[in-house]
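Asker: coords below, sequence missing:
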Ligand SMILES: O=C(O)C(=O)Cc1ccccc1
């Protein structure tokens, strides 16, 4: 019998999930939780899940309630990965000390080590390095939302879940969309030689990094014409990934249709909402006016192209890349149809660990904050940066999903419902810069919630992305 010992954990959330390839261990597995001390764990769940190649679904198995030492059900099924989650009542950051001997072998990107040991229970420190090679640590709150997939449709298990992904040639980079999507191009520009991992939606891209199925995610955050990608702003708050970089790319959008289809046949144009927004005026000029050609938003540009091709839609065109035209065998009806030729999309690069902020090159820091007594805090926060000559690059407000509305009783005015916001601010300074540190100390005084989403090198050389 083998068992795993949890030797240290830092909780940054109400639940943590650890995952590792079950094939690495003999069954049954004993989980030894003694090192966790009296941490306020409420529940421990075991579940097995299968790691699908395209991130679409996971298979949760039954829960087991918490005991200090636990054994997996025997015989256990033979899924590709075995995971367990630890739920805590704690809300804020906590840390537990790792066993020092073992912590030296903890993967650099991880806060947790799971150690495989022999049945006698003696530590096998000589083997720590190898033992930890296939360990993954993930943090996820929404596992139960994920759907089941039939076992016979399961992809192969990961062969390498090592967190030591410094070599960009081995990086697995999650992006939203199908092959041929602009985000795939962005992933390749951000991490040349990476293995791009297509995800059905942005949330899965976030989850795949948290689950150590991917090493990074590259997601669009804003476009100079289409504005912010609100969904990705909201997801930044719902997940614990760090922004570790940005990349800016200009794309030349094309209008794609099935071979033989001419402009006058088109009754519908489909694409990602950003692409539709970026081509609106040009589409009108080309004769695809709203009055006779419907616009329809879909998840991504390559998905739009694939939809036209797969369903043989002769009355529908897709706005997508020339590469998507090639992949899905479509013709290019019109090229470079974006309304502004200098239109730029900014993508963020996300990772489980932050980069170390430096001051020897231009850095950007992204923060998000809220104030539970309304929006008047905004000018104070902004002046904290202005006072220190720190340039603000972007400000975005989103509904505060934890508390969307605040009821205000004013004797003179009556009762009003005020909307509550989360403010996202990008400023031009590194967190290693003392001006930024002082500004943040001040901001903290005015805000009820403050989080640094990342301090990362600025992309000062936007490129063309085909
Ligand atoms: O749908 C895609 O291909 C994306 O990657 C999102 C997107 C859409 C339009 C411009 C830039 C990124």
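Answerer: Nice, I can see it. All values reported here derive from a predicted model rather than from experimental measurement.
Asker: Quick check: bridge partners of the residue nearest to residue 223 when sequence neighbours are not counted?
Answerer: Leaving aside its sequence neighbours, residue 223 sits nearest to residue 345 (C-beta to C-beta, 6 or more residues apart in numbering; 4.6 Å). Where you see a C-beta, it was placed from the backbone N, CA and C, and this is true even at glycine. Beta-bridge partners for residue 345, by DSSP bridges, are residue 223, residue 249.
Asker: can you pull the contacts of residue 345?
Answerer: 182, 186, 220, 222, 223, 224, 248, 249, 250, 251, 274 (C-beta atoms under 8 Å, 6 or more residues apart in numbering).
Asker: Next, count neighbours for residue 446.
Answerer: 18 (other C-beta atoms under 10 Å).
Asker: just residue 356 next, same as before
Answerer: 9.
Asker: I'd like the numbering to begin with 29 instead of 1 from here.
Answerer: Yep, numbering from 29; the last one is residue 384 now.
Asker: My reading is that it lies in a strand. Confirm?
Answerer: No. Assessed by DSSP: H, G, I helix; E, B strand; the rest coil, residue 384 does not belong to a strand; its assignment is coil.
Asker: so how far is the ligand from the nearest residue to it once chain neighbours are set aside?
Answerer: Nearest non-adjacent residue to residue 384, counting by C-beta to C-beta, 6+ apart: residue 460, 7.9 Å away. Remark: distance between residue 460 and the ligand (C-beta to the nearest ligand atom, to the nearest Å) = 31 Å.
Asker: Check the spacing between residue 460 and residue 408 real quick.
Answerer: Residue 460 sits 24 Å away from residue 408, taking C-beta to C-beta, to the nearest Å as the criterion.
Asker: one step back: pretty sure the residue nearest to residue 384 is touching residue 485, no?
Answerer: No. Between residue 460 and residue 485 there is no contact under C-beta atoms under 8 Å: 11.8 Å.
Asker: Contact residues of the stretch 329-478 of the chain facing the ligand?
Answerer: With C-beta under 6 Å from any ligand atom as the criterion, the stretch 329-478 of the chain meets the ligand at residues 329, 330, 373.
Asker: I'd like those residues as TSV, with pLDDT appended.
Answerer: As requested, those are exported to TSV (pLDDT from 0 to 100):
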residue	pLDDT
329	96
330	95
373	96
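Asker: which residues of the stretch 329-478 of the chain score low on pLDDT?
Answerer: Along the stretch 329-478 of the chain, the parts satisfying pLDDT under 70 run over 402-403, 439, 441.
Asker: And the strands in it, which stretches?
Answerer: 344-348, 359-362, 373-379, 391-398, 420-427, 433-438, 442-447, 449-455, 477-485 (DSSP state E, counting those that start in this stretch).
Asker: Just the buried residues of the fifth one, please?
Answerer: The one in question is strand 420-427. Buried positions in strand 420-427, judged by neighbour count with 16 or more other C-beta atoms under 10 Å: 424, 425, 426.
Asker: quick one: residue 269 from the ligand, how far?
Answerer: Taking C-beta to the nearest ligand atom as the measure, residue 269 falls 18 Å from the ligand.
Asker: For that residue, which residues are in contact?
Answerer: Counting by C-beta under 8 Å, 6+ apart, residue 269 has contacts 234, 237, 238, 245, 378, 379, 380.
Asker: and if you look at residue 366?
Answerer: Neighbours of residue 366 in contact, by C-beta under 8 Å, 6+ apart: 253, 279, 280, 281, 306, 307, 310.
Asker: Go ahead and confirm the last one touches residue 369.
Answerer: Just to be clear, that refers to residue 310. No. Counting by C-beta under 8 Å, residue 369 is not a contact partner of residue 310; they are 10.4 Å apart.
Asker: quick one, which of those two is more surrounded?
Answerer: residue 310 (18 against 8).
Asker: Now do the phi/psi pair for the spatially closest residue to that one that is not a sequence neighbour.
Answerer: Nearest residue to residue 310, sequence neighbours excluded (C-beta to C-beta, 6+ apart): residue 365, at 4.5 Å. With angles defined as degrees, to the nearest 10, residue 365 sits at phi -100, psi 10.
Asker: Is residue 365 in contact with residue 346, as I believe?
Answerer: No. Residue 365 lies out of contact with residue 346 (C-beta under 8 Å); the separation is 11.6 Å.
Asker: Of those two, give the one with the bigger neighbour count.
Answerer: residue 346 (32 against 23).
Asker: near the ligand, which residues of the stretch 129-278 of the chain show up?
Answerer: 205, 209, 210, 211, 248, 251.
Asker: Tell me how many other residues surround the residue nearest to residue 358 when sequence neighbours are not counted.
Answerer: Spatial nearest neighbour of residue 358, chain neighbours left out: residue 284 (4.0 Å); criterion: C-beta to C-beta, 6+ apart. Number of residues near residue 284 (other C-beta under 10 Å) recorded here: 28.
Asker: for the stretch 129-278 of the chain, what are the low-confidence residue spans?
Answerer: Those would be 129-197, if you go by pLDDT under 70 across the stretch 129-278 of the chain.
Asker: which residue ranges form the strands in it?
Answerer: Counting by DSSP E, counting those that start in this stretch, the stretch 129-278 of the chain has strands at residues 142-145, 164-166, 200-204, 223-227, 244-251, 255-256, 270-278.
Asker: any idea which of these is most buried?
Answerer: Most buried of the strands of the stretch 129-278 of the chain, by mean neighbour count (mean count of other C-beta atoms under 10 Å): strand 200-204, with a mean of 27.
Asker: so where do the helices sit in the stretch 279-428 of the chain?
Answerer: 301-306, 308-313, 329-338, 350-355, 405-414 (DSSP state H, counting those that start in this stretch).
Asker: If the residue nearest to residue 362 when sequence neighbours are not counted is in a bridge, with which residues?
Answerer: Excluding the flanking residues, the one nearest residue 362 by C-beta to C-beta, 6+ apart is residue 283, at 4.2 Å. Counting by DSSP bridges, residue 283 forms beta bridges with residue 347, residue 362.
Asker: How is this structure divided into domains?
Answerer: Taking automatic domain parsing as the criterion, the chain consists of the domains 30-181, 196-273, 282-362, 382-491.
Asker: follow-up on the earlier one: residue 398 is nearest to which of the strands of the stretch 129-278 of the chain?
Answerer: strand 255-256 (17.4 Å; C-beta to C-beta).
Asker: For the closest one, enumerate its sheet partners and note whether each is parallel or antiparallel.
Answerer: strand 244-251 (antiparallel).
Asker: what angle separates the strand it pairs with from strand 420-427?
Answerer: 90 degrees (axes from the mean of the first three to the mean of the last three C-alpha atoms, to 10 degrees).
Asker: neighbouring contacts of strand 244-251?
Answerer: 199-204, 210-211, 214-215, 218-219, 222, 230, 233-234, 236-237, 256-257, 260-261, 269, 272, 274-275, 302, 305-306, 371-379, 422.
Asker: Would you agree residue 479 is in contact with residue 398?
Answerer: No. Applying C-beta under 8 Å as the test, residue 479 and residue 398 come out as separate, 9.6 Å apart.
Asker: What is the burial count for the residue nearest to residue 362?
Answerer: 26.
Asker: Report the separation between it and the ligand.
Answerer: 14 Å.
Asker: Just confirm that residue contacts residue 349, I think it does.
Answerer: No. With contact defined as C-beta under 8 Å, residue 283 and residue 349 do not form a contacting pair (11.4 Å).
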